[in-house]
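# Sequence and predicted model, in that order:
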Amino acid sequence: MVLSERVEPYDHFVLDLDGCVWVGDEATAGAAQAIGALRGAGKRIVFVTNDPRRATEDYVAKLWSLGVRASVDDVVTVGGATQRLLHETRSGSTAFVIGTESMRRHVADAGLRVLNGTDLAAGAQVVVVAGTDHLGLDDLRIATLALRRGGDLVATSRDPTYPSADGLVPGTGALLAAVEYASGVTATIVGKPEPELFATALDRLGEGRTLAVGDSIDADVAAAAKAGVDAALVLTGGTTAEEAEEAGEPRPLYVADSLAELVLGGAPYS
Ligand SMILES: [Mg+2]
């Protein structure tokens, strides 16, 4: 398959998963063919997601189920990016984690001692907040105590909601708002629109010209600008063509109906 002129000049691609490669449990039309065409032309791809709830292996499995080859090295979750940041800046510290089991594992793998479930938790040096479907008032209480005793606050994003089968449900940002409000401490944010997630992806890709592709101006295009890479916007997720047209700075370099349209142009792919 012939690549479009828009993507041909790039060596590497950072592809947002939700709203770009897939929507819910379905791949966007032609996504697997587009990714195959990029790889066939020798391009390297890293997939990224701001969702901290699941492990990297879960996203790899979902990619395979949608017809896309992938290994754990090809996927950077915001949990993985948080692990990188904590490893570089807070290795050896103690931590209290609001988040899923896989998020706690990322924090432990970064070299921090996770105090969840111990009597020492309210004295943790770092509080990490990431989206979870299981949050108790005790979690908010311990996080607040630790922060008011001088702990640092790190969060995966300020995303207010996540999509679910029932509609929008509270995201990391909703939990973080409670923690920040009670503690008076402002978090360091790892995920989009901050650049750390993309920086972790760029680290994996190495030298080369990179295009980031995602469905959100506020998240993907903003994070790409901060990370210093070009961005393309696809309209398969949360952004309409009108919103793309009216967007202020930073603007995407390209706007396409879908990942497949961006990569393959008008070529038939289904
Ligand atoms: Mg997205």
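Looks like it came in fine. These numbers come from a predicted model, not from an experiment.

# wait, what's in contact with the spatially closest residue to D220 that is not a sequence neighbour?
Residue nearest to D220 in three dimensions, not counting chain neighbours: G214, with 2.6 Å by Cβ to Cβ, 6 or more residues apart in numbering. The way it works is simple: take the backbone N, C-alpha and C, and place the C-beta from them, glycine included. By Cβ atoms under 8 Å, 6 or more residues apart in numbering, G214 lies in contact with L15, D16, G19, C20, K192, D220, V221, A224, A231, L233, V234, G237.

# Please repeat the previous calculation with a cut-off of 6 Å.
G214 makes contact with D16, C20, D220, according to Cβ atoms under 6 Å, 6 or more residues apart in numbering.

# burial count for the residue of the stretch 151-270 of the chain found nearest the ion?
Going by Cβ to the ion, the ion is nearest to D215 of the stretch 151-270 of the chain, at 4.4 Å. Neighbour count of D215, defined by other Cβ atoms under 10 Å: 24.

# now it: how far from K43?
Distance check for D215 against K43: by Cβ to Cβ, to the nearest Å, it reads 20 Å.

# likewise G265?
For G265, the distance to K43 - Cβ to Cβ - is 15 Å.

# Between the two, which has more neighbouring residues?
Remark: of G265 and K43, K43 carries more neighbours, 21 against 16, as counted by other Cβ under 10 Å.

# Tell me who's in contact with that one.
Counted by Cβ under 6 Å, 6+ apart, K43 has contacts F13.

# Kindly report the residues of the chain close to the ion.
D16, D18, G19, D215, G237 (Cβ under 5 Å from the ion).

# top of those by neighbour count?
D16 (27 neighbours).

# Return the set of residues that bridge with the closest residue to that residue other than its chain neighbours.
Leaving aside its sequence neighbours, D16 sits nearest to G214 (Cβ to Cβ, 6+ apart; 3.4 Å). For G214, the beta-bridge partners are L233 (DSSP bridges).

# So G214 versus S157, what's the distance?
According to Cβ to Cβ, G214 and S157 sit 14 Å apart.

# Same check on D139?
Look at D139 and S157: by Cβ to Cβ, they are 18 Å apart.

# Quick one: residues in contact with stretch 160-171.
Counting by Cβ under 6 Å, 6+ apart, stretch 160-171 makes contact with G131, D159, G173, A174, all of which sit outside it.

# Then stretch 65-83?
The contact list for stretch 65-83 (Cβ under 6 Å, 6+ apart) reads 27, 32, 35, 46-50, 52, 56, 59-60, 63, 103, 106, 109-110, 156, 190-191, 196-197, 200-201.

# ok, now stretch 240-251?
With Cβ under 6 Å, 6+ apart as the contact definition, stretch 240-251 has outside contacts at I217, V221, A225, L233, L235, V255.

# A231 in helix, strand or coil?
strand (DSSP: H, G, I helix; E, B strand; the rest coil).

# the helices in this protein, which residues?
For the chain, the helices defined by DSSP state H cover 31-40, 56-65, 78-90, 101-109, 137-148, 172-183, 196-205, 222-227, 241-246, 259-264.

# Which positions within the third one qualify as buried?
Think helix 78-90. Buried residues in helix 78-90, counting neighbours by 16 or more other Cβ atoms under 10 Å, are found at V78, G79, G80, A81, T82, Q83, R84, L85, L86, R90.

# re earlier: out of the contacts of stretch 240-251, the closest to G151 would be?
G151 lies nearest to A225 out of these, by Cβ to Cβ, at 31.1 Å.

# what sits against the closest one?
By Cβ under 6 Å, 6+ apart, A225 lies in contact with P250.

# And stretch 83-102, end to end?
End-to-end distance of stretch 83-102 (Cα to Cα, to the nearest Å): 11 Å.

# meant to ask about stretch 16-24
Chord length of stretch 16-24, first to last residue, is 13 Å (Cα to Cα).

# likewise stretch 236-249?
Length of stretch 236-249, first residue to last, Cα to Cα: 21 Å.

# what about it, average pLDDT?
Averaging pLDDT along stretch 236-249 gives 90.

# now stretch 126-145
Mean pLDDT, computed over stretch 126-145, is 96.

# Contacts for it, please.
Counting by Cβ under 6 Å, 6+ apart, 52-53, 90, 93, 95-100, 103, 107, 121-122, 146-147, 151-156, 171-172, 175-176, 178-179, 182-183 sit against stretch 126-145.
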